[in-house]
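Peer 1: what's the 3D shape of this:
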Amino acid sequence: MYLLGDDYATHPTEIRATLKTARSAGRKRVLTMFQPHRYSRTQALRREFGAAFDDADRVVITDVYPASEKPIPGVSGQTIVDEIAAHGHGGVSYQPRRQLLHCDVGNIIDEGDLVVSLGAGNIHEELAILAADLVIFEKLQAAVGADGKARLYEPLARHTTLRVGGPARFWVEPNTERAFAEVIRLCGRENLLLFVIGRGSNLLVRDGGIRGVVVHPSGGEFDRIEVSGNEITAGAGAKLKEVAYAGKAAGLGGLEWMEGIPGAVGGSLRMNAGAMGGQTFDNVVSVRFLDGQGNAHTKTRSEIEVFYRHVPLFETNYVVSAVFSGAPAPRDTIEKKLEQSQEKRRSSQPAAKSAGCIFKNPRSIPAGKLVEELGLKNTRVGNARVSEVHGNFFVNDGGASASEMLELIDKVKAVARTERGIELETEVQIVGENA
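Peer 2: This is a model prediction of the structure:
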């Protein structure tokens, strides 16, 4: 159970008294979000603000509510953050965008916490949003069960190989098909957008994140890999690399190309991922999936329409598991092919943070070769850069935003269109909202 409250306290003395009362409530932690009132007051009382938050375990400060005052250079919410930190408080952070305050607090909230919003202006709207989302969050927690996980406002940059992206309004990790089905049904009843993510290796999430439920099937049934005869059954969360090595252990070849794909089974089926001349559906026997009502179905390979990097069935249905076929082969032959896949990945792909291939290959020329011929390797926008190793890989040099990545994509597309008359199409899946 969570407890939320607000107060229009703006003076350090009022804040100290409010938080002292909150501390006496005996809750697990006191989490506080604060919006300073007026630049002049913030500047004049900065030192008093620094000592006013001692009874809060975590403090998130947003920018000043000006109340018709003009900004004062060097004065902002960061001013108070610096003073609180200087006072010795180790749990303070700055969030310049007031609309994201509830995300910062909601992502760290735990059962038994007390959340207090303080200050002037419209900060209290953030508490109202948090309260409404907590109602749905508790339903999602019940749906995934004690063995699953759920978090509010989870930064998706933590869950994509490119390391960019805003928060998921709701993040859930079911580890059974039954729990996954319950989440799907709940989303239908609550009219919530549902998006499934695997290892996030072919994904670019915009800076505004995803305003819905992001499901990450993992653990339990979804990580299971079982071998029977010449077939391997793998859950949606199993890594493709692990499927390839399960094949090796069983003396089954034809799966070695999977070693070079950083994704999971579910994502590879959704886009028919490929490498080393192989692609996912070359090895598929059947796929088990859930529909939009949470009902389970199984289809054989011949029943599934498959295109280059696109499988329409999985735009609105959700993979649970798949059966792959291998062919008996000598162990040393399998090991050699696995080593070849590893070597090709090491020599032709950057080690830096990336999402894999950004563009689909045009008919006339591989996208990476085209980018290289256009002289665009190492082109950058902010901390987003075209890799010097492979022209079809864009890398995050540290702290890149999704908007920088998107601008870089548009820049390369524009040059390809102008100089070669080629319209590049993105292979990476671009989702979410702008900030």
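Peer 1: which residue sits closest to the most centrally placed residue in the chain in space, ignoring its chain neighbours?
Peer 2: By C-alpha atoms, centre = their mean, the chain has its centre lying nearest to L156, at 2.2 Å. Among residues not flanking L156 along the chain, G165 sits closest, at 3.6 Å (C-beta to C-beta, 6 or more residues apart in numbering). For every residue, glycine as well, the C-beta is placed using N, CA and C.
Peer 1: Against V431, how distant is that neighbour?
Peer 2: 9 Å (C-beta to C-beta, to the nearest Å).
Peer 1: More neighbours: these two, which one.
Peer 2: Taking neighbours as other C-beta atoms under 10 Å, G165 and V431 compare with G165 leading, 27 against 17.
Peer 1: Touching, the more buried one and I197? I think so.
Peer 2: No. With contact defined as C-beta atoms under 8 Å, G165 does not reach I197; the gap is 9.9 Å.
Peer 1: what sits in contact with each of the two?
Peer 2: Counting by C-beta atoms under 8 Å, 6 or more residues apart in numbering, the common neighbours of G165 and I197 are 156, 159, 203.
Peer 1: helix/strand/coil for A322?
Peer 2: Secondary structure, DSSP: H, G, I helix; E, B strand; the rest coil: A322 is strand.
Peer 1: any idea how far I430 is from the nearest residue to it once chain neighbours are set aside?
Peer 2: Closest residue in space to A322, ignoring its immediate chain neighbours: V287 at 4.7 Å, by C-beta to C-beta, 6+ apart. According to C-beta to C-beta, V287 stands 25 Å off from I430.
Peer 1: swap in N383?
Peer 2: In this view, N383 and I430 are 18 Å apart by C-beta to C-beta.
Peer 1: for K299, same thing?
Peer 2: Counting by C-beta to C-beta - K299 and I430 are separated by 27 Å.
Peer 1: before we move on, back to that, correct me, but the residue nearest to the centre of the chain touches A168?
Peer 2: Yes. Assessed by C-beta under 8 Å, L156 is found in contact with A168 at 5.6 Å.
Peer 1: Tell me the secondary structure of the nearest residue to E256 once chain neighbours are set aside, please.
Peer 2: Nearest-residue entry for E256: K337, 3.8 Å, with adjacent residues in sequence omitted and distances by C-beta to C-beta, 6+ apart. Using three-state DSSP, the structure places K337 in helix.
Peer 1: what's near enough to touch the nearest residue to A329 once chain neighbours are set aside?
Peer 2: Once flanking residues are discounted, A329 sits nearest to G253: 3.1 Å by C-beta to C-beta, 6+ apart. Counting by C-beta under 8 Å, 6+ apart, G253 touches 247, 326-329, 333-334, 337.
Peer 1: If we use 10 Å, what do you get?
Peer 2: 244, 247, 326-331, 333-334, 337-338 (C-beta atoms under 10 Å, 6 or more residues apart in numbering).
Peer 1: And for R178?
Peer 2: Residues near R178 by C-beta under 10 Å, 6+ apart: 143, 145, 221, 294, 296.
Peer 1: Just the buried ones out of those residues, please.
Peer 2: Among the contacts of R178, those buried by neighbour count (16 or more other C-beta atoms under 10 Å) are 143, 221, 294.
Peer 1: Then the first one would be within a strand, right?
Peer 2: No. The assignment for A143 is helix, going by three-state DSSP, so no strand is present there.
Peer 1: For the shared contacts of G165 and I197, give me TSV that also has secondary structure and distance to F393.
Peer 2: Converted to TSV, the shared contacts of G165 and I197 look like this (DSSP: H, G, I helix; E, B strand; the rest coil; distance: C-beta to C-beta, whole Å):
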residue	secondary structure	distance to F393
L156	helix	20
H159	helix	19
L203	strand	14
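Peer 1: need the helices for the stretch 51-200 of the chain, in chain order.
Peer 2: Per DSSP state H, counting those that start in this stretch, the stretch 51-200 of the chain carries helices over the ranges 77-86, 101-106, 124-144, 177-190.
Peer 1: Show me which parts of the longest one are buried, residue by residue.
Peer 2: Residues of helix 124-144 classed as buried: 124, 126-127, 130, 133-134, 136-137, 139-141, 143-144 (neighbour count, 16+ other C-beta under 10 Å).
Peer 1: Q349: which of those residues is nearest?
Peer 2: Q349 lies nearest to V144 out of the buried residues of helix 124-144, by C-beta to C-beta, at 34.5 Å.
Peer 1: Contact partners for the closest one?
Peer 2: 150, 172-176, 179-180, 182-183, 186, 215.
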